[in-house]
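Asks: Model the structure of this input:
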Amino acid sequence: MTHKKINVADLPDFDMAKYLPDDEAIAEYLTIVLEENDPAALYKALRPNAQPRFDTIARVCNALGVRLVAQVVPTPNT
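Replies: Now for the predicted structure:
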């Protein structure tokens, strides 16, 4: 059996917005991206090869009607 190699550049662009039907889903998606500490994931959803910048994230959140909230990260009891 031969396997055809897939060129990543030939894959269609993935638009996460198509899978976020409402404000609740948008907020949940952004929370997951932030919890995974991978801001590039949000940028990839907006534009391939974009460089992450916090001010852009803030503007996108504002446009989507969501707010970033800082929370204390619980530390395990030692």
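
Asks: what comes up buried for stretch 27-38?
Replies: Using 16 or more other C-beta atoms under 10 Å as the test for burial, stretch 27-38 gives A27, Y29, L30, V33, L34. Using the backbone N, CA and C atoms, a C-beta is placed for each residue, glycine as well.

Asks: Let me know the secondary structure of I32.
Replies: For I32, the assignment made with DSSP: H, G, I helix; E, B strand; the rest coil gives helix.

Asks: D55 now?
Replies: At D55, secondary structure determined by three-state DSSP is helix.

Asks: who's in contact with it?
Replies: Applying C-beta atoms under 8 Å, 6 or more residues apart in numbering to D55 gives no contacts.

Asks: Begin at 375 from now on, thanks
Replies: From this message on, residue numbering opens at 375, which makes the last subject D429.

Asks: now it: how far from N381?
Replies: Computed as C-beta to C-beta, to the nearest Å, the D429 to N381 distance reads 33 Å.

Asks: what do you get for L442?
Replies: Counting by C-beta to C-beta, the gap between L442 and N381 amounts to 36 Å.

Asks: Compare neighbour counts for those two and give me the winner.
Replies: L442 (12 against 7; other C-beta atoms under 10 Å).

Asks: element containing the spatially closest residue to that one that is not a sequence neighbour, please.
Replies: Spatial nearest neighbour of L442, chain neighbours left out: C435 (5.8 Å); criterion: C-beta to C-beta, 6 or more residues apart in numbering. C435 belongs to helix 428-438 when assigned by DSSP states H and E.

Asks: Could I get the pLDDT score of P386?
Replies: Here, the pLDDT recorded for P386 equals 79.

Asks: typo on my end, it should be A414
Replies: pLDDT for A414: 64.

Asks: For G439, give me phi and psi.
Replies: With angles defined as degrees, to the nearest 10, G439 sits at phi 80, psi 30.

Asks: show me what contacts it?
Replies: Contacts of G439 (C-beta under 8 Å, 6+ apart): D397, I400.

Asks: and the residue lying closest to Y393 once chain neighbours are set aside, how many neighbours?
Replies: Nearest residue to Y393 in three dimensions, chain neighbours excluded: A399, at 7.7 Å (C-beta to C-beta, 6+ apart). Using other C-beta under 10 Å, A399 has 13 neighbouring residues.
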